[in-house]
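Asks: based on what follows, work out the 3D shape:
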Amino acid sequence: MTIPSYAVPVAIAAGVVIVAGVASWLLFHRRLTPEQIECARRLHVHAIGRITAGEILDMVSAPAEAGENQPPTLIYRYEVGGVTYEVSQPLYLVPREIDPQSWIPGLPVQVMFDPSQPANSIVACERWIGLGARKRAGA
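Replies: From the prediction side, this is the model:
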């Protein structure tokens, strides 16, 4: 069996195209920043999430590099399917104004969670906010 005369140049051209493609991807592919990854996570939970009641447990001040008067990282608790989750969300990464009176420990909060991974949750994102929920009278 003989190799057609055009096979070698075609194979070389295909190899050059593949190498050039990989090289350009390595050179020009931008990696996502941690802030972009967190934004994508928040928006994903918002898109598919379910809402449940929770409670703010504590807050940790935003790091100095976040700037002055930035919202804190909130630590909150909620229950899904008989399992209690204690998680946190850095509110200073959410690009929206949030009322400081809404993140006081002990206050109720609406929590949006991923039904397939209930530990993946948010209390605020670019398009929704669960802070500021108040207990109903008699509750």
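
Asks: buried set for the lengthiest helix in the chain?
Replies: Longest helix in the chain, counting residues (DSSP state H): helix 7-28. For helix 7-28, the neighbour count (16 or more other C-beta atoms under 10 Å) marks no residue as buried. The way it works is simple: take the backbone N, C-alpha and C, and place the C-beta from them, glycine included.

Asks: where does the spatially most central residue of the chain sit: helix, strand or coil?
Replies: Centroid-nearest residue in the chain: R41, 2.3 Å away (criterion: C-alpha atoms, centre = their mean). Under DSSP: H, G, I helix; E, B strand; the rest coil, the three-state class of R41 is helix.

Asks: tell me who's in contact with it.
Replies: Applying C-beta atoms under 8 Å, 6 or more residues apart in numbering to R41 gives the contacts N120.

Asks: would you quantify the distance from it to I122?
Replies: Going from R41 to I122 by C-beta to C-beta, to the nearest Å gives 8 Å.

Asks: same question, A62
Replies: According to C-beta to C-beta, A62 stands 17 Å off from I122.

Asks: more neighbours: those two, which one.
Replies: The neighbour count for A62 versus I122, taken as other C-beta atoms under 10 Å, is higher for I122 (25 against 18).

Asks: so who does that one touch?
Replies: R42, V45, H46, G49, Q89, V111, M112, F113, W128, G130.

Asks: surely the first one meets V123?
Replies: Put plainly, it is R42. No: with contacts counted by C-beta atoms under 8 Å, R42 stays clear of V123, the gap being 10.0 Å.

Asks: those two: which is more packed in?
Replies: Set side by side, R42 and V123 show more neighbours around V123, with 27 against 24, by other C-beta under 10 Å.
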